[in-house]
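Trainee: Provided below are the primary sequence and the corresponding predicted coordinates.
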Amino acid sequence: MSMILRPGGEPRRIEIAEGVVLVCLPMTTTAALAGASARHAWLEAHPDDQEGAEVAFTRTVAQRTIVDWTGIVDADGADLPVTPEAVAALVDLPMVYTEIKRQVVTPGLILEHRKNA
């Protein structure tokens, strides 16, 4: 069962596929700013690659919001620990990228917008 993030600091479970669950904190202002910095750095290096910039943003936010997971294993089938490098590799999978964007980034940006309105 997928859960959409709500306001507050409670972790939420995001089911990516059967047996693959991410536990994510809501996106904070700090995570959003780090993502914006990553997006900016990407565009400095690749000025015509908006899609790559969005991936850089989402990857950076994911590295700051994913706190646990189940069903993520290495090539030998051993549980993989949550590390920035493992999260970055996971976000490169289109299904994961889409769900992080939909269930972490978008709600976080909406909340930031509401706070600033």
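Mentor: Nice, thanks for sending it over.

Trainee: the residue nearest to Ile72 when sequence neighbours are not counted and Thr106, how far apart?
Mentor: Nearest residue to Ile72, sequence neighbours excluded (CB to CB, 6 or more residues apart in numbering): Leu80, at 4.8 Å. (Glycine included, C-beta is placed from N, CA and C.) Per CB to CB, to the nearest Å, Leu80 is found 26 Å from Thr106.

Trainee: kindly report the same for Thr70.
Mentor: From Thr70 to Thr106 the distance is 24 Å (CB to CB).

Trainee: before we move on, what about Tyr97?
Mentor: Going from Tyr97 to Thr106 by CB to CB gives 12 Å.

Trainee: before we move on, what about Cys24?
Mentor: 13 Å.

Trainee: ditto for Ser37
Mentor: Distance from Ser37 to Thr106, by CB to CB: 19 Å.

Trainee: swap in Ala36?
Mentor: From Ala36 over to Thr106 the distance is 15 Å, taken as CB to CB.
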